[in-house]
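>>> structure for this input, please:
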Amino acid sequence: MNKPVRLQKFIADCGITSRRKAETLILQGRVKVNDRLITEMGTKIDPTIDAVFVDGQAIDNKVDKLYIVLHKPRGYMTTLFDPEGRKTIMDLVK
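Residues are numbered from 1 along each chain as shown. Okay, here's the model as predicted:
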């Protein structure tokens, strides 16, 4: 049996959103585990057994990960999105 993981970490590891935004999804009542609505932080799941849904869509935890080594030039932000419109690392790896 795998070690149980926190639900928000599982959602983030599957590439759905960041861990903090996953917490918001849970608090908003947008996450179900095995057809049970989860609105409580700290819920742990077993990714090999439990079925997780966000907004009614099943989450596939079998996502292949891609790791990129990048020398970030000066002037680029280390984030996926910058509300201030500055250049981000995503502009480099399109």
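>>> and the protein, what are its domains?
With domains defined by automatic domain parsing, the chain comprises 5-58, 64-94.
>>> ranking those domains by burial, who's on top?
The highest average neighbour count among these, using mean count of other C-beta atoms under 10 Å, belongs to domain 5-58 at a mean of 15. Yep, even glycine has a C-beta here, placed from its N, CA and C like the rest.
>>> could you give me the average pLDDT of that one?
Mean pLDDT, computed over domain 5-58, is 94.
>>> can you give me the end-to-end span of it?
17 Å (C-alpha to C-alpha, to the nearest Å).
>>> do you know how far the residue nearest the centre of the chain is from residue 6?
With distances taken as C-alpha atoms, centre = their mean, residue 12 lies nearest the centre of the chain, 1.8 Å away. Using C-beta to C-beta, to the nearest Å, residue 12 is found at 9 Å from residue 6.
>>> ok, now residue 79?
23 Å.
>>> ditto for residue 80
21 Å.
>>> what sits up against the biggest helix by length in the chain?
When the chain is parsed with DSSP state H, its longest helix is helix 19-27. Identification of contacts with helix 19-27 by C-beta atoms under 8 Å, 6 or more residues apart in numbering yields 7-9, 11-12, 16-17, 31, 38-41, 43, 54-55.
>>> contacts for the helix or strand just after it?
Downstream of helix 19-27, the first helix or strand assigned by DSSP states H and E is strand 31-33. When contacts are defined by C-beta under 8 Å, 6+ apart, strand 31-33 is touched by residues 7, 11, 22, 25, 37-38, 43, 45, 50-54.
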